[in-house]
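Undergrad: sequence first, predicted model second:
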Amino acid sequence: MSGRLVDWIFLIFGLVGLIGVTWWSLYGGPKSAANLQEKLQSEAELALETAGHSWANVRLDGQSAIITGQSPSYDSADVAMADVLAAVGHGGLILGGITRVTESVQAARPISPYVWSATRMPEGELLLSGYVPSREIMNELIADADVIAPGEVRNELQLGTGEPYGDWAGLARRSLVYLDQLERGEVELVDATLTVTGVAPNKDARDALTTEITGLEDPYTGKAVIRSAGLWRARHSTSGLLLSGTVSSQSERNEINALANEYFLGRVQDTMTIEASAVGDWLAPVRASLPHFAGFQSGELSFAPHEGGFQLEGQASNSVITYLKQDIDALDTPWDLILNVEEVPVDLAELSAIDFAGPDRSVACESAFQTVLQNNSLVFEAGSADFLRDSGPTLDKLLVVTKRCKGIEIQVQGHTDSYGNRAGNIRLSEERAAAVVDYLTARGVSRDLLDPVGFGPDQPVASNDTADGRSANRRIEFRVLERG
């Protein structure tokens, strides 16, 4: 045997011995085994947490893991086992990973009612929410949504069993196809009932979709609440107020643009086209509603003559909705105007430093009322207790503050300047204080906690010899009576 061969044999045996000694030093002794198990336990728990298996617990026995808990879906246990097995690379005896994973899980209680939904927003974002029976189905729905959504897909799906018999997954995936045929809308599957709401691009698309949805096979039933986009539309978007559809003349187009630019504070985008139309005069509801709609936070105003008229939906403050309804009620038009509006709170950034939940709520409330009335105008018609509509934002803020001060008795004070008859001024100040109270109580505030009082010209805060002084004296004040 040559010397070189002997050298190679000794080298190989030496390497094998070194590997064996190293492995034994790391994993062979009792202390090292305990360290390994502790490390694997930590890695397995982290793997479950990272993958979102909040329902699962894991226990290590050497390099073997067992998963327990209540599995929320049919495949959750299998997925959790795979995630734990891969927690520290490929695993195995030599590499020191997890070599075996078993489970002893129970099925979680079925969800009831079983709700799943998908919503397509006006800007293209698509929201998935509710429950799905497995991760496999969840991934299929997310992939389908990615295909149809022009914008971001927001996934808020949760795992849970309890879906009705039949091809639930197939119907959920088909529902996304229905949603893709709408400009915006929602599909909601509650147990075995599918409801589709939204806006179709035209009447033919609406009718075809309605027929398909209402013809679902057992055990499922379908309900369609779909309207067509209509002849003309105004819509709030992230880029401004969008005007689209058709008008019958340049004068109609000019009038709509003038209204939008007068009342909307942002950018107005006009994509309207001019086409001959036989629908007759339809601008009266636009004149009445568009100035208010311009003040909405979101929504759409549309005209669909084949469906009877106008549809207005969206979100706005209380005063905007109030004045909109007043002007619609005063309309003399053959067209319907259907409202589907939601009241939203106003911005009260000016009150961010006031703690309504603090130990002395009465002081906080009085300070809040004073801040609102100092920074915003509450103005009446001359010689009247009728509010000017410019006072709408102030009334919205006073309403929010009054509701936050629930349980505290408040005196609403009316004041006037000294111009004119004192008795008449006292009566006017009483009527104006009462008008404020009426506005608040009509919107849910308890009348028992509001006391309207008129002081007329008797408590001036400035000289009545100047126009500015008289203006300052014509005011409404809120004073806390009961220290809550």
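TA: Alright, I've got the coordinates.

Undergrad: doesn't Leu337 make contact with Trp282?
TA: No: Trp282 lies out of contact with Leu337 (CB atoms under 8 Å); the separation is 10.9 Å. (Each C-beta comes from the backbone N, C-alpha and C, glycine too.)

Undergrad: overlap of the contact sets of those two?
TA: Residues touching both Trp282 and Leu337 by CB atoms under 8 Å, 6 or more residues apart in numbering: Gly309.

Undergrad: quick one: the helices in the stretch 151-300 of the chain, in order.
TA: Assigned by DSSP state H, counting those that start in this stretch, the helices in the stretch 151-300 of the chain fall at 168-180, 203-213, 250-263, 283-293.

Undergrad: for Gly314, phi and psi?
TA: Gly314 has phi and psi values of phi 150, psi -160 when expressed as degrees, to the nearest 10.

Undergrad: for it, which residues are in contact?
TA: Going by CB under 8 Å, 6+ apart, the list of residues near Gly314 reads 236, 293, 296-300, 341-342.

Undergrad: at 6 Å what do you get?
TA: Residues counted as contacts of Gly314 (CB atoms under 6 Å, 6 or more residues apart in numbering) are 296, 298-299, 341.

Undergrad: what is it paired to in the beta sheet?
TA: In this entry, Gly314 is beta-bridged to Gly299, Val341, by DSSP bridges.

Undergrad: pretty sure Thr197 is in contact with Glu186, am I right?
TA: Yes: with contact defined as CB atoms under 6 Å, Thr197 reaches Glu186; the gap is 5.3 Å.

Undergrad: buried set for stretch 384-396?
TA: 385, 387, 389, 391-396 (16 or more other CB atoms under 10 Å).

Undergrad: next one: stretch 320-327
TA: For stretch 320-327, burial by neighbour count (16+ other CB under 10 Å) applies to 320-324, 327.

Undergrad: now that stretch, how far from the chain's geometric center?
TA: Distance, stretch centre to chain centre, for stretch 320-327: 24 Å (CA atoms, centre = their mean, to the nearest Å).

Undergrad: what score does the closest residue to Gly295 other than its chain neighbours have for pLDDT?
TA: Closest residue to Gly295 apart from its sequence neighbours, by CB to CB, 6 or more residues apart in numbering: Val320 at 4.8 Å. On the pLDDT scale, Val320 is placed at 95.

Undergrad: and Val320, that one's in a helix?
TA: Yes: per DSSP: H, G, I helix; E, B strand; the rest coil, Val320 lies within a helix segment.

Undergrad: could you measure it against Leu351, distance?
TA: 20 Å (CB to CB, to the nearest Å).

Undergrad: likewise for Ser42?
TA: Here the distance between Ser42 and Leu351 works out to 48 Å (CB to CB).

Undergrad: and what of Gly185?
TA: Gly185 sits 37 Å away from Leu351, taking CB to CB as the criterion.

Undergrad: pLDDT below threshold where in the stretch 1-150 of the chain?
TA: Within the stretch 1-150 of the chain, the stretches with pLDDT under 70 are 1-33, 89-96.

Undergrad: quick one: the helices in it?
TA: With helices called from DSSP H, counting those that start in this stretch, the stretch 1-150 of the chain shows them at 3-23, 30-50, 76-85, 135-148.

Undergrad: now the third one: buried residues?
TA: When neighbours are counted by 16+ other CB under 10 Å, the buried residues of helix 76-85 are found to be 76-77, 79-81, 83-85.

Undergrad: isn't Pro133 right up against Tyr165?
TA: No: assessed by CB under 6 Å, Pro133 is found out of contact with Tyr165, at 11.8 Å.

Undergrad: more crowded one of these two?
TA: When Pro133 and Tyr165 are compared on other CB atoms under 10 Å, the one with more neighbours turns out to be Pro133, at 23 against 9.

Undergrad: distance-wise, check that one relative to Gly69.
TA: 17 Å.

Undergrad: equivalent analysis for Glu43, please.
TA: For Glu43, the distance to Gly69 - CB to CB - is 18 Å.

Undergrad: before we move on, back to that, tell me which of the buried residues of stretch 384-396 is nearest to Ala56?
TA: Nearest to Ala56 among the buried residues of stretch 384-396, counting by CB to CB, is Asp396 at 48.5 Å.

Undergrad: thought the closest one was touching Ser317?
TA: Yes: using CB under 6 Å, Asp396 makes contact with Ser317 at a distance of 4.6 Å.

Undergrad: and for those two, which residues touch both?
TA: Contact with both Asp396 and Ser317 is made by residues Val346, according to CB under 6 Å, 6+ apart.

Undergrad: give me the buried positions along stretch 250-266.
TA: Buried residues in stretch 250-266, counted by 16+ other CB under 10 Å: 252-253, 255-256, 259-260, 264.

Undergrad: compile these into TSV and extend it with columns for distance to Arg120 and pLDDT.
TA: Shown next, in TSV, are the buried residues of stretch 250-266 (distance: CB to CB, whole Å; pLDDT from 0 to 100):
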residue	distance to Arg120	pLDDT
Glu252	30	94
Arg253	29	95
Glu255	32	96
Ile256	27	97
Leu259	29	96
Ala260	25	97
Phe264	25	96
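
Undergrad: dump those residues to CSV, plus distance to Phe478.
TA: As requested, the buried residues of stretch 250-266 are exported to CSV (distance: CB to CB, whole Å):
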residue, distance to Phe478
Glu252, 46
Arg253, 46
Glu255, 42
Ile256, 41
Leu259, 36
Ala260, 36
Phe264, 32
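
Undergrad: wait, which of these is closest to Ile213?
TA: Among these, Ile256 lies closest to Ile213 (CB to CB), at 34.1 Å.

Undergrad: nearest to Ala423 among the contacts of Gly314?
TA: Nearest to Ala423, judged by CB to CB, of the contacts of Gly314 is Val341 at 42.6 Å.

Undergrad: the closest one and Gln297, how far apart?
TA: As judged by CB to CB, Val341 and Gln297 stand 11 Å apart.

Undergrad: which one of the two has more residues nearby?
TA: More crowded of Val341 and Gln297, by other CB under 10 Å: Val341, with 18 against 14.

Undergrad: how many other residues sit next to Asp281?
TA: 10.

Undergrad: for Ala51, phi and psi?
TA: phi -80, psi 0.

Undergrad: right, and Leu450 touches Val437 too?
TA: Yes: if you go by CB under 6 Å, Leu450 and Val437 touch, sitting 4.7 Å apart.

Undergrad: quickly list what's touching both of those two.
TA: Val412.

Undergrad: show me what counts as buried in stretch 110-130.
TA: Buried residues in stretch 110-130, counted by 16+ other CB under 10 Å: 111, 114, 116-122, 126-128, 130.

Undergrad: okay, and which of those residues map to strands?
TA: 116-120, 126-128, 130 (DSSP state E).

Undergrad: same list (the buried residues of helix 76-85) but as TSV, adding distance to Gln181.
TA: Formatted as TSV, the buried residues of helix 76-85 follow (distance: CB to CB, whole Å):
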residue	distance to Gln181
Ser76	33
Ala77	38
Val79	33
Ala80	38
Met81	40
Asp83	38
Val84	43
Leu85	43
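
Undergrad: can you tell me which of the residues you listed is nearest Gln370?
TA: Closest approach between the buried residues of helix 76-85 and Gln370, by CB to CB: Ser76, at 56.5 Å.

Undergrad: spit out the contact partners of the nearest residue to that closest one once chain neighbours are set aside.
TA: In this structure, Ser76 finds its nearest non-sequential neighbour in Leu159, 5.9 Å apart by CB to CB, 6+ apart. Taking CB under 6 Å, 6+ apart, we find Leu159 in contact with 72-73, 76.

Undergrad: give me the beta-bridge partners of Leu159?
TA: Under DSSP bridges, the beta-bridge partners of Leu159 are Val132.
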